[in-house]
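> here is a sequence with its predicted model. Questions after.
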Amino acid sequence: MNKAEIVDGISQETGVMKRHVEQVVNSLFSTVASELKAGRRLSVIGFGSFVPTKRSARTGRNPRTGEPIKIPASKGVRFSAGSALKDVLNGKAPAKKAVAKKAPVKKAVAKKAVAKKAVAKKAVAKKAPVKKAPAKKAPVKKAAARR
């Protein structure tokens, strides 16, 4: 499943327009990324925890030539699933009950359009459709037999 499919699924389930859902999903991902980049742990109760990790610099080997290579330090992330998510995955709980209660969805208020006065139009009487008689075939002239 990719991000577009996530947006589609949330939009269908909640009835919120796709562009609003996409803004929220993008904001969620950027918030998670910025928290992890800052080195802070992120926990969502019932879902799981994202924990930033650090790898120190080390020496590795090129598998083709066998010569040593310096591998720079890097950061990563680990995810550990929460108990409610594990229950859903193992079939112990239905998927709907493991998800937190949804907040009521606020829909955007539509702007009122300025009412325009309708111009009175004369009613035009419709003519009854003309029924055409089926076309008669012309008699076929037979050529006189020559002797």
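Now that the structure is in, tell me what you want to look at.

> from residue 38, how far off is residue 52?
8 Å (C-beta to C-beta, to the nearest Å). For the C-beta atoms, the positions are set from N, CA and C on the backbone; glycine is no exception.

> same deal with residue 7?
Distance, residue 7 to residue 38, by C-beta to C-beta: 26 Å.

> and those two? Which one has more around it.
When residue 7 and residue 38 are compared for neighbours, residue 7 comes out ahead with 20 against 8, by other C-beta atoms under 10 Å.

> buried ones in the helix or strand harbouring the more buried one?
Using DSSP states H and E, the element containing residue 7 is helix 3-14. Within helix 3-14, the residues scored as buried using 16 or more other C-beta atoms under 10 Å are 7, 10, 11.

> who are the packing partners of that helix?
For helix 3-14, the elements it packs on are helix 18-37, judged by 3 or more C-beta pairs under 8 Å, 6 or more residues apart in numbering; DSSP states H and E.

> thanks a lot, see you next time.
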